[in-house]
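Enquirer: Using only what follows, build the 3D model:
(2 chains)
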Amino acid sequence: MSTPVHPPAVPDARPEPRRSMVVSGVIGATVMAAVDEIVFHQLLGWHHFYDRSTTGVGLMSDGVLHTAELLGLVAGFFLFADLRRRRAWATAHARAGFFLGLGCFQLFDGIVDHKLLRLHQIRYGVDVTPYDWAWNLGGVVLLLVGVALAVRAARSGRAGTTS
Amino acid sequence: MIFAHVHPGQAAGPGPAGMMNAVVALTAALAYGAAAGRLRRRGDVWSRWRDTSFSAGSGALAWAAVGPLPGGPFTAHMVQHLIVGMAAPLLLVLARPLTLVLRALPPGAARRGLLALAHSGAVGLLLFPPLAALLDAGGLWLLYRTELFAALRHLPWLNALVHAHVLAAGLLFTFAVCQLDPVSRRWGLRVRGATLLATGAAHAVLAKSVYAAGPPGTAFTTADLHTGAQVMYYGGDLVEAALAVVLAGSWYAATGRARTRHRARRPAPEAAVSLPAPAQRRGVRWAQDTGFAGVEPVAHGPDDDASQPAGRGKPSRTSRTPGE
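Expert: Below is the predicted model of the structure:
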């Protein structure tokens, strides 16, 4: 049964720019979460595993977010594989979505987690202000790159050359 | 530390109960291998990966029962629980033991009884993923956030009961979330995914709370407690990610098969030239059925395609969308 039942070409192949953007956005956000976890928690040891100043609500939201990142990474890659096999992957939109995802996670982490919920700080025992600015400005830059790429992808899509 | 050896069974080495558990686990592995061999001898397709998975799960259980476990007493306890409650259940469930037993048993009272049990209302209720998750994670909260953990030290029977519960609840949860074996009441991806998310979050929160404060009535060293809590947190992550791969992989395979079927039913102009539609459909059906041959008595739900996870063996790979 090794002979393909169907010809390899997909007759109904049609790029899905919006879905490509959302899927790569999920991958971008979870990749940034993983980078955050690996670099700052494990390599630099700046964050604590748990600093005991976190409130119950903060601890719960942290648990949900952490698990959602894990499941989102897995789901994102399978959704990506699905788009690829359907030839529906729109590369330009996906690239934009990836940067939007990176930037959104970084800003969310910097503002909601660090400042509103005060889950953890970037670093302990030092003045945290420059770190906060660097982190959040980095997020804004990534977000702007994503927006610029999205605008460009939308323009080229309208011109009829969506890949 | 006077209470350094709080967890029974660790200090004294494997007791008779541990040896018995190991023997039971290894016997189950042998029985699985015999049943799978029987299927293959009569010509059924049964992936070797499933045998490997079941053997690994049984071996892990045996090791958790008698083997030397790393770290201080609390860390060792946590490693043991991670194996018994999460890793081994996943490996055992991936091997689809219920499907194997139903196919290996000759038609008769035993198979009818097992099928009736699998399709009974009580089992259907237990396999409601949020309930299975509550039984699993709820038991852990009781164990680590009440005096129960301290009481285990004095009561060997309670200790055995708790371990049995951890294994049973872990198997139930994994079975309900993965939904690989044929049961009558089936749940969609959303329910199972949301359950996995909620359980993973509860597990992570519990691990951090254990890091901050050990189980009431115990006095482990801080280092031991911290290592144990991190083993719980990151070990749980690993198994949850594996569960997510199983869920997403079965979704991927099921949507692939659905597309193949859809296109076989309504062939595109180019495809219609190569083969007449009924022949295509037969070919696709054949590929699907090879994965299920012999389970005809089992009712398949509408969502049944989701019962093929990622990481299947070579023989059933033909049922994937070819040529893409």
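Enquirer: A:Gly110 contacts A:Trp135, correct?
Expert: Yes - counting by C-beta atoms under 8 Å, A:Gly110 touches A:Trp135, with 4.7 Å between them. In short, each C-beta sits where N, CA and C put it, glycine included.
Enquirer: The strand or helix carrying B:Ala207 packs against which elements?
Expert: Counting by DSSP states H and E, the element that carries B:Ala207 is helix B:189-212. Under the contact definition 3 or more C-beta pairs under 8 Å, 6 or more residues apart in numbering or on different chains; DSSP states H and E, helix B:189-212 sits against helix A:56-85, helix B:129-145, helix B:156-178, helix B:222-265.
Enquirer: and A:Gly157, which of those helices is closest to it?
Expert: When those are compared by C-beta to C-beta, helix A:56-85 sits nearest A:Gly157, at 15.7 Å.
Enquirer: residues touching A:Gly76, list them.
Expert: When contacts are counted by C-beta atoms under 8 Å, 6 or more residues apart in numbering or on different chains, A:Gly76 is found next to A:Val23, A:Ser24, A:Val26, A:Ile27, A:Thr30.
Enquirer: mind listing which of these are in helices?
Expert: A:Val23, A:Ser24, A:Val26, A:Ile27, A:Thr30 (DSSP state H).
Enquirer: Buried residues, the helix holding B:Ala207. List them.
Expert: By neighbour count on 16 or more other C-beta atoms under 10 Å in any protein chain shown, the buried set for helix B:189-212 is B:189, B:191-193, B:195-211.
Enquirer: thinking again about what came up before, go through the helices and strands packed on helix B:189-212 and name the closest to B:Ser58.
Expert: helix B:156-178 (11.8 Å).
Enquirer: Can you pull out the low-pLDDT segments for chain B?
Expert: Counting by pLDDT under 70, the ranges of chain B that qualify are B:1-14, B:267-324.
Enquirer: give me the element B:Phe54 is part of.
Expert: Element membership of B:Phe54 [criterion: DSSP H and E] is helix B:48-66.
Enquirer: List just the nearest of the contacts of A:Gly76 to chain B.
Expert: The closest of the contacts of A:Gly76 to chain B turns out to be A:Thr30 (C-beta to the nearest C-beta; 11.2 Å).
Enquirer: What is the neighbour count of B:Gly59?
Expert: 17 (other C-beta atoms under 10 Å in any protein chain shown).
Enquirer: State the distance from the spatially closest residue to it that is not a sequence neighbour to B:His165.
Expert: Spatial nearest neighbour of B:Gly59, chain neighbours left out: B:Ala29 (7.2 Å); criterion: C-beta to C-beta, 6 or more residues apart in numbering or on different chains. Look at B:Ala29 and B:His165: by C-beta to C-beta, to the nearest Å, they are 22 Å apart.
Enquirer: now do A:Ala34
Expert: Taking C-beta to C-beta as the measure, A:Ala34 falls 34 Å from B:His165.
Enquirer: Equivalent analysis for A:Ala88, please.
Expert: Here the criterion is C-beta to C-beta. By it, A:Ala88 lies 46 Å from B:His165.
Enquirer: List the contacts of B:Ala87.
Expert: Contact analysis of B:Ala87 by C-beta under 8 Å, 6+ apart lists B:Gly57, B:Ala60, B:Gly235, B:Val239.
Enquirer: List just the nearest of those to chain A.
Expert: Using C-beta to the nearest C-beta, these come closest to chain A at B:Val239, 10.6 Å.
Enquirer: Please give me every residue in contact with the closest residue to that closest one other than its chain neighbours.
Expert: Among residues not flanking B:Val239 along the chain, B:Met86 sits closest, at 4.2 Å (C-beta to C-beta, 6+ apart). Residues in contact with B:Met86 (C-beta under 8 Å, 6+ apart) are B:Gly170, B:Thr174, B:Gly235, B:Gly236, B:Val239.
Enquirer: most neighbours, which of the contacts of A:Gly76?
Expert: A:Ser24 (28 neighbours).
Enquirer: Flag the shaky bits of chain A, pLDDT-wise.
Expert: Ranges of chain A meeting pLDDT under 70: A:1-12, A:45, A:47-49, A:51-54, A:119, A:160-163.
Enquirer: before we move on, back to that, now do the helix holding B:Phe54: everything it contacts.
Expert: B:14, B:18-19, B:21-22, B:25-26, B:28-29, B:32-33, B:36, B:79-80, B:83-84, B:87-92, B:94-97, B:100, B:167, B:311-313.
Enquirer: what's the offset of that helix from the middle of its chain?
Expert: Distance, stretch centre to chain centre, for helix B:48-66: 12 Å (C-alpha atoms, centre = their mean, to the nearest Å).
Enquirer: For the helix or strand just after it, which helices and strands make contact with it?
Expert: Using DSSP H and E, the helix or strand that follows helix B:48-66 in sequence is helix B:73-82. With contacts taken as 3+ C-beta pairs under 8 Å, 6+ apart, helix B:73-82 sits against helix B:222-265.
Enquirer: Go through the strand or helix carrying A:Val151 and flag the buried ones.
Expert: A:Val151 is part of helix A:129-158 when elements are defined by DSSP H and E. By 16+ other C-beta under 10 Å, the buried positions in helix A:129-158 come out as A:131-132, A:135-136, A:139, A:142-143, A:145-146, A:149-150, A:153-154, A:157.
Enquirer: Reformat those as TSV; add distance to B:Leu158.
Expert: Shown next, in TSV, are the buried residues of helix A:129-158 (distance: C-beta to C-beta, whole Å):
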residue	distance to B:Leu158
A:Tyr131	49
A:Asp132	49
A:Trp135	49
A:Asn136	51
A:Gly139	51
A:Leu142	53
A:Leu143	54
A:Val145	58
A:Gly146	55
A:Leu149	60
A:Ala150	59
A:Ala153	62
A:Ala154	64
A:Gly157	65
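Enquirer: which one of the residues you listed is nearest A:Phe105?
Expert: A:Gly139 (7.8 Å).
Enquirer: so the closest one makes contact with A:Gln106?
Expert: Yes - the pair A:Gly139 / A:Gln106 is scored as a contact, 3.3 Å apart, by C-beta under 8 Å.
Enquirer: if we can go back for a sec, present the buried residues of helix A:129-158 as TSV; the columns should include distance to chain B.
Expert: Listed next are the buried residues of helix A:129-158 as TSV, based on distance: C-beta to the nearest C-beta, whole Å:
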residue	distance to chain B
A:Tyr131	23
A:Asp132	23
A:Trp135	23
A:Asn136	25
A:Gly139	24
A:Leu142	25
A:Leu143	26
A:Val145	29
A:Gly146	25
A:Leu149	27
A:Ala150	26
A:Ala153	25
A:Ala154	28
A:Gly157	24
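Enquirer: re the thing from before, so which of the contacts of B:Ala87 wins on neighbours?
Expert: Highest neighbour count within the contacts of B:Ala87, by other C-beta under 10 Å: B:Gly57, with 26 neighbours.
Enquirer: Nearest residue to that one in space, please, no chain neighbours.
Expert: Nearest non-adjacent residue to B:Gly57, counting by C-beta to C-beta, 6+ apart: B:Leu91, 3.1 Å away.
Enquirer: Tell me the helices and strands packed up against the host helix or strand of that neighbour.
Expert: Per DSSP H and E, B:Leu91 falls inside helix B:88-94. Judged by 3+ C-beta pairs under 8 Å, 6+ apart, helix B:88-94 is in contact with helix B:48-66, helix B:156-178, helix B:222-265.
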